[in-house]
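Novice: output the structure for:
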Amino acid sequence: MIQIDDKDVDAWYRYPQYRQWFNKLYVADLFGYSCGPAGIPVPSPGSYVVRPIYNLAGMGVGAKLINLTPEDIELIPPGHFWVKRFVGTHYSVDYVRVKQGFRQINCYTGENDPDYLSRFYRWKKSDYQFRLPKEVSNIDVPRINIEIIGDKIIEVHLRNGFEHLMHCDEMIPVFALDPPKSPLGYKFFEDAAEGYGWLDNPRLGYWVR
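Specialist: This is a model prediction of the structure:
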């Protein structure tokens, strides 16, 4: 039996007044992205991300890149939504609340397979600074994490992302089916994630330095 102790689950119970932020369709619509739930056709042919509206398991579970036309309604499963694909650097940014709002405490850039959204090859510390829009800065919780592609916020979490690895400059995820060999000068940090059983290649942890 899988033990559910994920921080998103904790935040769901801790902050019921902010549960709309777990709704990824809400986030996409709030920021004016081209998006819609299953049953609503895309406006034009193109590459779209199709993913669950809610996913507290994280790890990109259920997210896929699909080329869609307005006639492809049946390709979007119930409980999922589509959003126009963004191209650019993927950032994961952590903030903590201070009297003036939120203060950024770290930022990491992620390298992933663009056709396999749940698989990242590497995370590296970055000096990139991102100013939160007022819709996010008004969330009254101790810490948040946002995921960005280019300058587009795609996820908002009511917890930090890499708080436990802030001392690291680089992290290489280690997956169960094809773990990379130990790079010289790196140490292993156990941080398992299996998406509540929905990942076909669970993460075991990271090589970090």
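Novice: from here on, contacts and neighbour counts on C-alpha atoms
Specialist: Noted.
Novice: this protein: helices as residue ranges?
Specialist: 7-14, 24-30, 134-137 (DSSP state H).
Novice: distance to N106 and mean neighbour count added to the ones you listed, as TSV?
Specialist: Below are the helices of the chain laid out as TSV (distance: least, Cα to Cα, whole Å; neighbours: other Cα atoms under 10 Å):
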stretch	distance to N106	mean neighbour count
helix 7-14	18	15
helix 24-30	22	18
helix 134-137	16	12
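Novice: so can I have JSON lines of those showing distance to V93?
Specialist: Converted to JSON lines, those look like this (distance: least, Cα to Cα, whole Å):
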{"stretch": "helix 7-14", "distance to V93": "16"}
{"stretch": "helix 24-30", "distance to V93": "16"}
{"stretch": "helix 134-137", "distance to V93": "13"}
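Novice: redo those as a markdown table? Include distance to E111 and mean pLDDT.
Specialist: What follows is the helices of the chain, written out as a markdown table (distance: least, Cα to Cα, whole Å; pLDDT from 0 to 100):
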| stretch | distance to E111 | mean pLDDT |
| --- | --- | --- |
| helix 7-14 | 23 | 93 |
| helix 24-30 | 22 | 98 |
| helix 134-137 | 25 | 96 |
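Novice: partner strands of the strand ranked longest in the chain, with direction?
Specialist: Determined from DSSP state E, the single longest strand within the chain is strand 101-112. Note on strand 101-112: by DSSP bridges, its sheet partners are strand 90-98 (antiparallel), strand 120-125 (antiparallel).
Novice: and the contacts of it?
Specialist: 89-97, 119-130, 137-138, 143, 166 (Cα atoms under 8 Å, 6 or more residues apart in numbering).
Novice: how about L199, what does it touch?
Specialist: Going by Cα under 8 Å, 6+ apart, L199 touches V61.
Novice: just A11 next, same as before
Specialist: 158-159.
Novice: separation between it and T69?
Specialist: A11 is 37 Å from T69, where distance means Cα to Cα, to the nearest Å.
Novice: repeat that for Y186.
Specialist: For Y186 relative to T69 (Cα to Cα), the value is 45 Å.
Novice: V27 now?
Specialist: For V27, the distance to T69 - Cα to Cα - is 23 Å.
Novice: now do R119
Specialist: Taking Cα to Cα, one finds R119 at 26 Å from T69.
Novice: more crowded one of the two?
Specialist: In this view R119 and T69 are compared by other Cα atoms under 10 Å, and R119 has more residues nearby, 20 against 16.
Novice: brilliant, that's me finished.
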